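**Student:** The sequence and its predicted three-dimensional model are supplied below.
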Amino acid sequence: MAVFTAVTLDDLHQWIKQFPLGRALALDGISSGIDNSNFFLTTERGEYVLTIFENLRFEQLPFYVQLMRHLAERGIPVPAPVPTASGELVVTLHGKPAIIVSRLSGASQLDPQPVHCAEVGRMLARMHLAGRDFDLHQPNLRGLDWILATAPQVQPYLSDGEAALLRSETAFQSAFAAGSAYAALPRGPVHADLFRNNVMFEGERLSGCFDFYFAGVDTWLFDVAVTVNDWCIDLATGVLDEARVRALLDAYHAARPFTQDEQAAWQPMLRAGALRFWLSRLYDLHLPRAAELLTPHDPTHFERILRERIERAAPALPL
Ligand SMILES: Nc1ncnc2c1ncn2[C@@H]1O[C@H](COP(=O)(O)OP(=O)(O)O)[C@@H](O)[C@H]1O
Ligand SMILES: N[C@@H](CCOP(=O)(O)O)C(=O)O
C-alpha cells in the first residue's frame, strides 16, 4: 500500500531541523505494509525510515517506541528510534504521530530454510532476554481478553463450521489460560507478530526485524508459537516442516532454555497463536476499519493452521 499520508521533501525542510540529522536529501514512499505510511529517508547523516502512524494514537506509542530503543541499545537488530534535540521520540507530522528510525539492511526471506529459522530462533531468544529489564508494561492487546471480546462480534458472519470451531477453541484457550501450567510460564515483552515479512536477511544472516506495533507483555512461548506458525509451515496446508521447526526451536533453546512448564504448554500455545491471527483476519474481513482500504489477509490460512494444530501434535520443545 502504502502511503495514506503524502509527504514531500519541502514538507520536511523545516520539520527535520528538530532532529540532529542535517538536511533531508531524498524521500521515497514504501509500497509494502498495510497499517502506516512509511518512507525511506536520506539525510546528510545517513539512511532512515520515516513512519507516520495512521491508526495508533500518540498515547499508544511510547511502549512500542521505547521497547525498540531498549532492544536496539542491547544489540538486538531492530530499528533504533532517532530522538529530537529535546529528546522526543514521537513527533507530529501532518497532524499525525510520526517517528524516524534507523534503516535496516537486507530483504525479507519468504521461503525460509532451516538456516533462516535457526537465525530467527536465536534472535527471538536474545530479544526475550534483552527485554527482561524493560520497565514499561502494556499487555498484549491481541491476547485472550481481546479474543473473548472479539469472537462474539464475528460469529454472525461465520459458517456453522467456522462458528463451532471458534466457540470450541475460545473455550479451550480460556481453560488453558486458567491452568497452573500457564501461570508458571516465563513472560516479558514479546514482538507478537514476527512473521516472515517483518524480518530481513542478507543471505543467511539475519539483518533486522521491525513492525513492533503488536508488541506487548505476554508469555515468551506465545511469541515462539506465532513465529513457528509462520516460518515453519507448508503454506498450502499449514502442516509443520519438522526440519525448520527443529532448527528454530533448537537455536532458541540454546540461547534461552525452555522450561518444563513450557514443554507442557507447547501444543495449546501453538493453537493460541493460530486462533489469534485467524480471528484478527476474520475481523478485518467482516468488520474492516474505516481506514482499511486494502484486501485483508486470508483468514482461511489460519483456520487451516488451527485445525492442523488440533489434529496433529507438533514436534516437542527440546529438553
Ligand atoms: N527500519 C526499517 N528498515 C528498512 N526497511 C523498513 C524498516 N521499517 C519498515 N521497512 C520497510 O517498510 C515495509 C513496511 O513496513 P511495515 O512496518 O511492515 O509496514 P506497516 O507499518 O504498514 O505495518 C517493510 O516491509 C520493509 O520493507
Ligand atoms: N502479520 C499478521 C498481522 C497483520 O499483518 P501485517 O501485514 O499488518 O503485519 C497477519 O498476517 O495477519
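**Tutor:** Alright, I've got the coordinates. Ligands and ions are numbered 1, 2, ... in the order given.
**Student:** anything in the biggest helix by length in the chain near ligand 1?
**Tutor:** Longest helix of the chain, by residue count under DSSP state H: helix 260-286. No. Counting by Cβ under 6 Å from any ligand atom, ligand 1 has no neighbours in helix 260-286; the shortest distance is 13.1 Å. Quick note: C-beta positions are derived from backbone N, CA and C, even for glycine.
**Student:** same for that helix, what does it pack against?
**Tutor:** With contacts taken as 3 or more Cβ pairs under 8 Å, 6 or more residues apart in numbering; DSSP states H and E, helix 260-286 sits against helix 144-154, helix 160-177, helix 180-183, helix 220-231, helix 299-311.
**Student:** In the stretch 1-150 of the chain, which residue sits nearest ligand 1?
**Tutor:** Closest approach between the stretch 1-150 of the chain and ligand 1, counting by Cβ to the nearest ligand atom: residue 33, at 2.3 Å.
**Student:** Any residues of the stretch 51-200 of the chain in contact with ligand 1? List them.
**Tutor:** Counting by Cβ under 6 Å from any ligand atom, the residues of the stretch 51-200 of the chain that sit close to ligand 1 are 79, 101, 103, 104, 197, 198.
**Student:** Using ChimeraX, define a selection of the buried residues within those.
**Tutor:** Of those, the buried ones can be selected in ChimeraX as follows, counting by 16 or more other Cβ atoms under 10 Å:
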select :79,101,103,104,198
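**Student:** Ranking the helices and strands packed on helix 260-286 by mean neighbour count, which comes first?
**Tutor:** helix 220-231 (a mean of 26; mean count of other Cβ atoms under 10 Å).
**Student:** domains in this structure, as residue ranges please.
**Tutor:** Split into domains by automatic domain parsing, the chain comes to 9-102, 114-311.
**Student:** Is ligand 2 within reach of the longest one?
**Tutor:** Yes. Using Cβ under 6 Å from any ligand atom as the criterion, contacts between domain 114-311 and ligand 2 involve 193, 195, 211, 277, 280, 281, 297.
**Student:** from the residues you listed, which two are the most distant?
**Tutor:** 211 and 281 (16.4 Å; Cβ to Cβ).
**Student:** Can you report how many residues lie near the closest residue to residue 115 other than its chain neighbours?
**Tutor:** Spatial nearest neighbour of residue 115, chain neighbours left out: residue 204 (5.0 Å); criterion: Cβ to Cβ, 6 or more residues apart in numbering. As a burial measure, residue 204 scores 11 neighbours (other Cβ atoms under 10 Å).
**Student:** pretty sure residue 204 contacts residue 114?
**Tutor:** No. The criterion here is Cβ atoms under 8 Å, and residue 204 misses it with residue 114 at 10.3 Å.
**Student:** how about residue 228, what does it touch?
**Tutor:** Residue 228 sits next to 240, 245, 248, 249, 270, 273, 314 when contact means Cβ atoms under 8 Å, 6 or more residues apart in numbering.
**Student:** could you pull out the helices for the stretch 1-150 of the chain?
**Tutor:** Assigned by DSSP state H, counting those that start in this stretch, the stretch 1-150 of the chain shows helices spanning 9-15, 62-73, 114-130, 144-154.
**Student:** which of those helices is buried the deepest?
**Tutor:** Taking mean count of other Cβ under 10 Å, helix 114-130 is the most buried of the helices of the stretch 1-150 of the chain, at a mean of 22.
**Student:** helices or strands up against it?
**Tutor:** Packing partners of helix 114-130 (3+ Cβ pairs under 8 Å, 6+ apart): helix 62-73, strand 187-190, strand 199-202, strand 205-209, helix 220-231, helix 242-255.
**Student:** Contacts for it next, please.
**Tutor:** Residues outside helix 114-130 that contact it (Cβ under 8 Å, 6+ apart): 70-71, 74-78, 109, 112, 188-191, 194, 199, 201, 204-206, 209, 220, 223-224, 227, 231-232, 243-256.
**Student:** okay, the helices of the stretch 1-150 of the chain in CSV with mean pLDDT next?
**Tutor:** Putting these into CSV (pLDDT from 0 to 100) gives the following:
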stretch, mean pLDDT
helix 9-15, 95
helix 62-73, 98
helix 114-130, 98
helix 144-154, 98
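**Student:** ok so, going back, mind listing what's buried in the longest helix of the chain?
**Tutor:** By neighbour count with 16+ other Cβ under 10 Å, helix 260-286 contains the buried residues 261-262, 264-285.
**Student:** Next, the angle from that helix to helix 144-154.
**Tutor:** Interaxial angle of helix 260-286 relative to helix 144-154 (axes from the mean of the first three to the mean of the last three Cα atoms, to 10 degrees): 30 degrees.
**Student:** between helix 260-286 and helix 299-311, how many degrees?
**Tutor:** On the basis of the same axes, to 10 degrees, helix 260-286 is oriented at 150 degrees to helix 299-311.
**Student:** From the chain's centroid, how far away is helix 260-286?
**Tutor:** A distance of 14 Å separates the centroid of the chain from that of helix 260-286, by Cα atoms, centre = their mean, to the nearest Å.
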